[in-house]
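K.L.:
Quick one, fold the following:
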Amino acid sequence: MSKMITDYELIERFIKGDESCFDQIIRRHKNKVFAYISLYIRDQALAEDLFQDTFMKVIQSVRSGKYQDNGKFVSWVMRIAHNLVIDHFRRLKQINTVSNDDYESDLFNSRKLAEATVEDDMIRKQILKDVRKMISCLPDDQREVVILRHYSGLSFREIAEITDVSINTALGRMRYALINMRKMMEDKKISLTLN
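P.N.:
Below is the predicted model:
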């Protein structure tokens, strides 16, 4: 079994003229980047536009020699996507400011959410809707960490790089987000279980 080609090797080949290498990079990271954008941008067509803009910017930066490989290609792409989302909201002037680790795993890593049966589907959709609603009520900095961690699958180190804060700050924001979500659940008597 051959070793997987690194992002940097694909970029090097792309710079030398192999256009197909960039398609491989997009396929490799599409789900993570698109999931991040679409959690902020509910309009599917607009989310797709921002996704395309992200990779256009990546191509321009790579071609102009602005990308320096440090093993953090995905973080760099996510930061570009992040900046485009922020720019979008700035243009619209619609930035919404709405004013314990065991719990984190219960909330986001439930096997039942991943393996729901047909009869559980309606309940599952309601749970996901409730979780999304609670996330949307978090302060911006906490909401961002939750989205990057649980929907885009980034490590706290990557989140710290993208949001330009220390790892401890990113961890603290997650902790406060989970405390706030637990409080919302108690206040609104929301249950996130299928039975």
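K.L.:
Next one, pLDDT for the closest residue to residue 174 other than its chain neighbours please.
P.N.:
Using C-beta to C-beta, 6 or more residues apart in numbering and skipping the chain neighbours, the partner closest in space to residue 174 is residue 145 (4.9 Å). Just so you know, the C-beta spots here come from the backbone N, C-alpha and C atoms, and that holds for glycine as well. Predicted confidence (pLDDT) for residue 145: 89.
K.L.:
Tell me the secondary structure of residue 145, please.
P.N.:
helix (DSSP: H, G, I helix; E, B strand; the rest coil).
K.L.:
residue contacts, it?
P.N.:
Residue 145 makes contact with 159, 163, 170, 173-174, 177, according to C-beta atoms under 8 Å, 6 or more residues apart in numbering.
K.L.:
and what of residue 85?
P.N.:
Contacts of residue 85 by C-beta under 8 Å, 6+ apart are 36-37, 40-41, 50.
K.L.:
which SS class is it?
P.N.:
Put simply, residue 85 is helix when judged by three-state DSSP.
K.L.:
Output the contacts of residue 85 in TSV; the columns should cover neighbour count.
P.N.:
Compiled in TSV, the contacts of residue 85 are given as follows (neighbours: other C-beta atoms under 10 Å):
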residue	neighbour count
36	27
37	23
40	19
41	19
50	22
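K.L.:
Name the nearest of those residues relative to residue 78.
P.N.:
residue 36 (6.3 Å; C-beta to C-beta).
K.L.:
so which helix or strand takes in that closest one?
P.N.:
Assigned by DSSP states H and E, residue 36 belongs to helix 20-40.
K.L.:
For whichever helix or strand comes after that helix, give the mean pLDDT please.
P.N.:
If you walk from helix 20-40 toward the C-terminus, the next helix or strand you reach (DSSP H and E) is helix 44-63. Here helix 44-63 scores 89 as its mean pLDDT.
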